[in-house]
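> Pasted the sequence and its predicted model underneath.
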Amino acid sequence: MEAFRPIAGFFEAIRNDGRICITHIGIYAALVQYWQENDFAHPMEAYSYEIMRLAKISASTTYHKCVRDLHDFGYLRYEPSFKRNQRSRIYLRYF
């Protein structure tokens, strides 16, 4: 049951947030899945294509816009690396 706590907390937090769309939810769910697959590393480090594959998103502009939105809205902290050979850091917010 511990594995579902981040998702349940996220859904409670976005309940009345009209800025969040299905793409944001898909990316957040993919991030939680990636976090679990990588032994709950905090911060997690990931390439955008790894998360995009899990979230079933093919456009990198959509991914980057939604991740920046989630960062700006306070649902996670995103530290992009801006380097092709270095993963970006992502901190999930605990609700």
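Received it, and whenever you're ready, just let me know what you need.

> Which helix or strand contains Tyr91?
strand 88-92 (DSSP states H and E).

> how far out from the middle of the chain is that strand?
8 Å (C-alpha atoms, centre = their mean, to the nearest Å).

> Which residues belonging to it are considered buried?
The neighbour-count check on strand 88-92 (16 or more other C-beta atoms under 10 Å) flags Ser88, Arg89, Ile90, Leu92 as buried. (C-beta placed from N, C-alpha, C; glycine too.)

> Now tabulate those residues in TSV and tack on pLDDT.
Listed next are these as TSV, based on pLDDT from 0 to 100:
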residue	pLDDT
Ser88	97
Arg89	97
Ile90	97
Leu92	92
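
> Can I get stretch 29-43 as CSV, trimmed to CA atoms?
Taking C-alpha atoms only, stretch 29-43 is exported to CSV below (Å, rounded to 0.1, in the frame of the first residue of the first chain):
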residue,chain,number,x,y,z
ALA,A,29,2.2,8.7,-12.6
ALA,A,30,5.1,7.8,-14.9
LEU,A,31,7.5,9.6,-12.5
VAL,A,32,6.2,7.7,-9.5
GLN,A,33,6.6,4.4,-11.5
TYR,A,34,10.2,5.4,-12.5
TRP,A,35,10.9,6.3,-8.8
GLN,A,36,9.6,2.9,-7.6
GLU,A,37,11.6,1.1,-10.3
ASN,A,38,14.8,2.9,-9.2
ASP,A,39,14.5,1.9,-5.5
PHE,A,40,12.8,5.1,-4.3
ALA,A,41,15.9,7.3,-5.0
HIS,A,42,15.6,10.8,-3.8
PRO,A,43,16.3,12.8,-5.9
